[in-house]
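S.K.: got a sequence here, can you model it:
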Amino acid sequence: MAKIIQGASRYLLRNPKVLKPAEKTLEELLKPGGKELWISKGGARDGIRMLQRDEFNKIKSDLMDGAVEVPAPKSDVGRLFQRPDGSRFGLRESVDHGETIDVMKSLDESILEKGYKLHVDK
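M.R.: This is a model prediction of the structure:
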């Protein structure tokens with residue numbers, strides 16, 4: 001039995017489970033390992049990142065996997081979604097930047113603070 005367990009452990013170490021987007025946290029999707037994946041451009045403040053359209057659509061699709069729409073605050077323009085981990089993000093149209101993803105609530109604000117935004121780079 002011990003040899004079976006050791007073999008299974010070695011297999012899992014060499015073949016880690018690939019998580020679906022719904023199984024990942026907001027932080028893992030937007031800042032894997034706490035690292036920025038996209039650029040801050042021009043005069044954009046900290047926490048605003050610009051993506052190419054295809055990158056934006058991919059991350060939006062990953063975020064939507066497993067997410068459910070929840071009531072948005074009345075002051076908000078756009079739609080609010082909650083992910084299976086309890087984190088929340090918004091989707092809205094910005095007059096200046098087009099479609100925008102806003103982080104509304106992350107589980108670890110030391111990695112991903114409220115107000116983090118993703119825009120399409122024009």
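S.K.: can you show me the helices along this structure?
M.R.: Counting by DSSP state H, the chain has these helices, from start to end: 2-14, 26-30, 53-64.
S.K.: run through who's touching stretch 85-104.
M.R.: Applying CB atoms under 8 Å, 6 or more residues apart in numbering, the external contacts of stretch 85-104 come out as 25-27, 30, 56, 59-60, 63, 67, 70, 72, 76-83, 105-107, 112-120, 122. Every C-beta, even on glycine, is put in place using the N, C-alpha and C of the backbone.
S.K.: low-confidence ranges, this protein, go.
M.R.: 1-19, 39-46 (pLDDT under 70).
S.K.: try it again at 90.
M.R.: Per-residue confidence for the chain (pLDDT under 90) gives these ranges: 1-26, 29-52, 72-78, 85, 93-99, 107-115, 119-122.
S.K.: mind listing the strands for it?
M.R.: 48-51, 68-70, 79-82, 88-94, 98-105, 117-120 (DSSP state E).
S.K.: and the angle from the fifth one to strand 88-94?
M.R.: The one in question is strand 98-105. Here strand 98-105 runs at an angle of 160 degrees relative to strand 88-94 (axes from the mean of the first three to the mean of the last three CA atoms, to 10 degrees).
S.K.: can you point out the buried residues in strand 98-105?
M.R.: By neighbour count with 16 or more other CB atoms under 10 Å, strand 98-105 contains the buried residues Glu99, Thr100, Ile101, Asp102, Val103, Met104, Lys105.
S.K.: what does the third one give?
M.R.: Along strand 79-82, the positions that meet the burial threshold by neighbour count (16+ other CB under 10 Å) are Leu80, Phe81, Gln82.
S.K.: do the fourth one as well
M.R.: Applying a neighbour-count criterion of 16+ other CB under 10 Å, one finds Arg88, Phe89, Gly90, Leu91, Arg92 buried in strand 88-94.
S.K.: what about that strand, distance to the chain center?
M.R.: 12 Å (CA atoms, centre = their mean, to the nearest Å).
S.K.: if we can go back for a sec, want to throw the buried residues of strand 88-94 into JSON lines with distance to Lys35?
M.R.: Listed next are the buried residues of strand 88-94 as JSON lines, based on distance: CB to CB, whole Å:
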{"residue": "Arg88", "distance to Lys35": "22"}
{"residue": "Phe89", "distance to Lys35": "19"}
{"residue": "Gly90", "distance to Lys35": "23"}
{"residue": "Leu91", "distance to Lys35": "24"}
{"residue": "Arg92", "distance to Lys35": "26"}
